[in-house]
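[1] Predicted model and sequence follow; I will ask about them next.
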Amino acid sequence: MAKSRTQELNLTTQEVLERFSSGPDTGVFTDGGAQPNPGPGGWGVVYVRGGEVVEQRHGHDPDTTNNRMELTALIEAYKLLPETEEVTIYSDSDLCVKTINEWAAGWEKRGWKRKTGPIKNLELVQELYALAQGHPHVTLQWTKAHNGDRWNEYADSLATAWTRQVV
């Protein structure tokens, strides 16, 4: 994953809260990555309402890729939400957002096949797409990575927590 200010400084979630204040104050924010790619990696999710953390989750995989961790973060985001929740999930992975919002429906209709070859991380894409379909009031939206938005940086900090002693 590209180095962000959060990663370069290896900020804890508390340090992120102290340094960043811009961006939306309600939503679910996700991030994932591997260092190097492929290699060990992590994912993070934070659900925020009115600037207050409702719930957060993070995890680590010793052998993974950036895309697998981004997909895992989104899966975990949907899993923490009730099916009736109306909220926006923000991801800085344009690939993952387009996969669910634009491409997955067509792939499903074609028996989970692409015209240009196999779908990478198919099992994760299928799980995520099913979860997204089961949450009709949730919007999945791309957000610019590492632009100083508090909760995007916070999700990044959760995704890299495995590299630190303190979350």
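    Cool, the structure landed.
[2] Enumerate every residue touching M69.
    32-34, 41-43, 61, 159 (Cβ atoms under 8 Å, 6 or more residues apart in numbering). The way it works is simple: take the backbone N, C-alpha and C, and place the C-beta from them, glycine included.
[3] Which residue ranges of this structure form helices?
    For the chain, the helices defined by DSSP state H occupy 5-9, 13-19, 66-80, 94-98, 104-109, 122-133, 150-159.
[4] For the second one, buried residues please.
    In other words, helix 13-19. For helix 13-19, a neighbour-count test (16 or more other Cβ atoms under 10 Å) marks 13, 16-17 as buried.
[5] Could you single out the most deeply buried of the helices of the chain?
    Highest mean neighbour count of these: helix 150-159, a mean of 28 (counted as mean count of other Cβ atoms under 10 Å).
[6] Packing partners of it?
    Applying 3 or more Cβ pairs under 8 Å, 6 or more residues apart in numbering; DSSP states H and E, we find helix 150-159 packed against helix 5-9, helix 13-19, strand 27-34, strand 39-49, strand 52-64, helix 66-80.
[7] Which single one of the buried residues of helix 13-19 is nearest to N152?
    Nearest to N152, judged by Cβ to Cβ, of those is V16 at 9.6 Å.
[8] Let's have the helices of the chain in CSV, adding distance to V87 and mean pLDDT.
    Listed next are those as CSV, based on distance: least, Cβ to Cβ, whole Å; pLDDT from 0 to 100:
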stretch, distance to V87, mean pLDDT
helix 5-9, 23, 56
helix 13-19, 20, 96
helix 66-80, 9, 98
helix 94-98, 15, 98
helix 104-109, 20, 97
helix 122-133, 13, 98
helix 150-159, 12, 97
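[9] need the contact list for the residue positioned nearest the centre of the chain.
    Compute the mean C-alpha point of the chain, and by Cα atoms, centre = their mean the closest residue is T30, 2.9 Å away. Under the criterion of Cβ under 8 Å, 6+ apart, the contact list for T30 reads 43-45, 70, 73-74, 76-77, 89-91, 155.
[10] Could I get the residues you listed in a markdown table, plus columns for distance to G148?
    Output for these, formatted as a markdown table (distance: Cβ to Cβ, whole Å):
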| residue | distance to G148 |
| --- | --- |
| W43 | 21 |
| G44 | 17 |
| V45 | 20 |
| E70 | 20 |
| A73 | 20 |
| L74 | 22 |
| E76 | 24 |
| A77 | 21 |
| I89 | 20 |
| Y90 | 14 |
| S91 | 17 |
| A155 | 13 |
